[in-house]
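[1] Okay, here's the prediction I keep looking at, along with the sequence it came from:
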Amino acid sequence: MSESEERMQAEIVSQRAEIAALKAQVAELLARLNRDSSNSSKPPSTDPPWHTKHKPPRPATGKKPGGQPGHKPHNRALLEPSPDEVYDCIGEQCPHCQAVLDESTIVAGKEALHQVVEVVSEPLVQNYFQKLHKCGKCGRKSRGRLPVEAPPTAAGPRLQAIITMLISQCHLSRADTKGAISQMFGVDLSVGAIHDITERAAIGVKPAVQDVAQALIAAATKHCDETGWRHCNKRAWLWVVSNPTIGAYFHIDDRRNREAFAQLLPELRGLIHTDRWGVYDIIAALLHQLCHAHLRRDMQALVDLKGSAGDLGTAFLAASDAMFKVWHRFKGGDIDRAAMLVEMLPVQADWRKLAERAKAHEHKKVRALGKDLLKQWDSLWPFLSHDGAEPTNNHAERVIRPSVLLRKTNGGTHSLIGSDFVSRLQSVIVTAKCQGLRLVDWLTGVFKALWAPVELPRLLPQSAAG
């Protein structure tokens, strides 16, 4: 081979290598461009409204919209207290034969009740005249003290509870809350006064929130998650640990590391559900349940790579579908736990084979998924043997979702007491719902306990709080 032919051959080899590198770069950039909530850790809120990728329309069932025959009815519950007003509706003429109707034609005990509930928004104004006294002995002047049940603030405990709910649960700004209470109740408070109420709320609920944190540490199963936050114009993280029968504990930290996780859960007891963030690797494998819903995103990302990687991703998703099918049969009561364990054996074998194939694949993303599955194999299956466990971390995702919406509307927090208000009130909101408590009544009791000699209302039953 001549020298010129050798140079040409070397140039061809170099160009082929460059083309291969450019193709790999283009594929990587396209994969980044096509990232969404179905194939990455991006939240669904980042998807555009018209996003339909990987969500084919469901085939028509032929059923009419609304409740189907035989479904459990959801009737409006009638209010039990004695009504304020009662009206007897007596017919005047029979709609069938036009005969005259009166009290003599009434069938006793067969009346139908139509209950109307109206809200009276007139404020209850309480004037406390603190009389000025002049001491007959020393001549000094003083005012009469307020009774212990009288609030030392302009807003009563229930109004303060409503304001706290509007901000923490309804995500209104303090200015919007000022306008809302003015429109609803005819009460004018300054934005500063409303801000003071939020500070008192953060202080008042602290003991109850600490009880929730301790109950969750001792819980047999729990779910953990974290999301970005903004605190004092700096990046921070909102952490949560939750249990469906207890409630949730939120904590804002400027770190997303093991020290921050230790602030959330000082003791790693019970089975802990998480995603695959590396911080959670300190949990013992057999007490660590990884989220299979997050795994499906990585599997879908392989499908989007096309080629042999896509084929492997499709096989992974099929194996995941098989796993969830068995799990849903168990949850639906079709099989018991022993039968589920037996039916899951071939499914686990398929997962193992696919993970081994992925580990030896030429594409780095496929290899990374295969190695990760094999490394954390024992953390994929604890839900099979633990009561109350789930194969996903969806509970924590649902619990933290309202806080994400709060961050988007209010832009985070700007002070330590503001972060305490958010984390503690979000803990209270979720826990009160889990415990079946009426939040406005519970918060009213909290505000009363701030100045009156009354006991702070319990957020958890005595047994759960320890």
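    Structure received. Owing to the predicted nature of the structure, the values given are computational and were not obtained by experimental measurement.
[2] mind listing what the closest residue to Thr245 other than its chain neighbours touches?
    Among residues not flanking Thr245 along the chain, Cys434 sits closest, at 6.5 Å (CB to CB, 6 or more residues apart in numbering). Glycine gets a C-beta too; all of them are placed from N, C-alpha and C. Applying CB atoms under 8 Å, 6 or more residues apart in numbering to Cys434 gives the contacts Asn243, Pro244, Thr245, Ile246, Gly247, Ala248.
[3] Taking the residues you listed, tell me the two that lie furthest apart.
    The widest separation within those, taken as CB to CB, falls between Thr245 and Ala248 and amounts to 11.4 Å.
[4] re the thing from before, could you list which of the contacts of Cys434 belong to strands?
    Asn243, Gly247, Ala248 (DSSP state E).
[5] wait, isn't Asp211 in contact with Leu460?
    Yes - Asp211 is within contact range of Leu460, at 5.6 Å (criterion: CB atoms under 8 Å).
[6] any weak-confidence spans in the stretch 51-200 of the chain?
    Filtered on pLDDT under 70, the stretch 51-200 of the chain yields the residue ranges 51-59, 81.
[7] Can you show me the helices along it?
    Counting by DSSP state H, counting those that start in this stretch, the stretch 51-200 of the chain has helices at residues 157-168, 174-185, 191-204.
[8] right, so the ones you listed: which one is the most enclosed?
    Using mean count of other CB atoms under 10 Å, the stretch among the helices of the stretch 51-200 of the chain with the greatest mean number of neighbours is helix 157-168 (a mean of 23).
[9] Next up, the contacts around Ala449.
    Here Ala449 is in contact with Gly204, Glu455, Leu456, Pro457 (CB under 8 Å, 6+ apart).
[10] repeat for Ile335
    Neighbouring residues of Ile335 by CB under 8 Å, 6+ apart: Val326, Arg329, Glu343.
[11] So which of those wins on neighbours?
    Using other CB atoms under 10 Å as the neighbour test, the contacts of Ile335 are led by Val326, with 20 neighbours.
[12] shouldn't that residue be in contact with Pro346?
    No - counting by CB under 8 Å, Val326 does not reach Pro346; the two are 9.8 Å apart.
[13] Export the helices of the stretch 51-200 of the chain as CSV, with columns for distance to Tyr87.
    Shown next, in CSV, are the helices of the stretch 51-200 of the chain (distance: least, CB to CB, whole Å):
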stretch, distance to Tyr87
helix 157-168, 29
helix 174-185, 27
helix 191-204, 40
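[14] what's the longest helix in this structure?
    For the chain, the longest helix by residue count, based on DSSP state H, is helix 3-33.
[15] Show the average pLDDT along that helix.
    For helix 3-33, mean pLDDT rounds to 80.
[16] which other helices and strands contact that helix?
    The contact analysis (3 or more CB pairs under 8 Å, 6 or more residues apart in numbering; DSSP states H and E) places helix 3-33 against no helix or strand.
[17] Just the buried ones from the contacts of Cys434?
    Buried residues within these, counting neighbours by 16 or more other CB atoms under 10 Å: Asn243, Pro244, Ile246, Gly247, Ala248.
[18] ok, which stretches of the stretch 201-350 of the chain are strands?
    Using DSSP state E, counting those that start in this stretch, the strands found in the stretch 201-350 of the chain span residues 221-231, 234-243, 247-253, 271-274, 288-290.
[19] got the CA coordinates for stretch 68-84 in PDB?
    Output of stretch 68-84 as PDB, limited to C-alpha atoms (Å, rounded to 0.1, in the frame of the first residue of the first chain):
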ATOM      1  CA  GLN A  68     -72.100   3.400  37.200                       C
ATOM      2  CA  PRO A  69     -74.900   1.000  38.400                       C
ATOM      3  CA  GLY A  70     -74.000  -0.600  41.600                       C
ATOM      4  CA  HIS A  71     -71.400   1.900  42.700                       C
ATOM      5  CA  LYS A  72     -71.200   3.000  46.300                       C
ATOM      6  CA  PRO A  73     -73.300   6.100  46.700                       C
ATOM      7  CA  HIS A  74     -71.700   9.300  48.100                       C
ATOM      8  CA  ASN A  75     -74.600  11.300  49.600                       C
ATOM      9  CA  ARG A  76     -74.300  14.600  51.300                       C
ATOM     10  CA  ALA A  77     -74.300  14.200  55.100                       C
ATOM     11  CA  LEU A  78     -77.000  16.100  56.900                       C
ATOM     12  CA  LEU A  79     -75.900  18.300  59.700                       C
ATOM     13  CA  GLU A  80     -76.800  16.800  63.000                       C
ATOM     14  CA  PRO A  81     -77.300  19.800  65.300                       C
ATOM     15  CA  SER A  82     -80.700  21.200  65.900                       C
ATOM     16  CA  PRO A  83     -81.700  23.400  62.900                       C
ATOM     17  CA  ASP A  84     -82.100  27.100  63.400                       C
END
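[20] now it, how far from the chain's geometric center?
    Stretch 68-84 sits 27 Å away from the centroid of its parent chain (CA atoms, centre = their mean, to the nearest Å).
[21] Against Glu18, how distant is Asp211?
    According to CB to CB, to the nearest Å, Asp211 stands 64 Å off from Glu18.
[22] neighbour-wise, which of these two wins?
    Taking other CB under 10 Å, Asp211 and Glu18 do not tie; Asp211 has more neighbours (19 against 10).
[23] per-residue confidence at the more buried one?
    pLDDT, Asp211: 96.
[24] got it, and the one 4 residues further on?
    Reading off the confidence values, Ala215 has pLDDT 96.
[25] now swap in Gly466 and tell me
    55.
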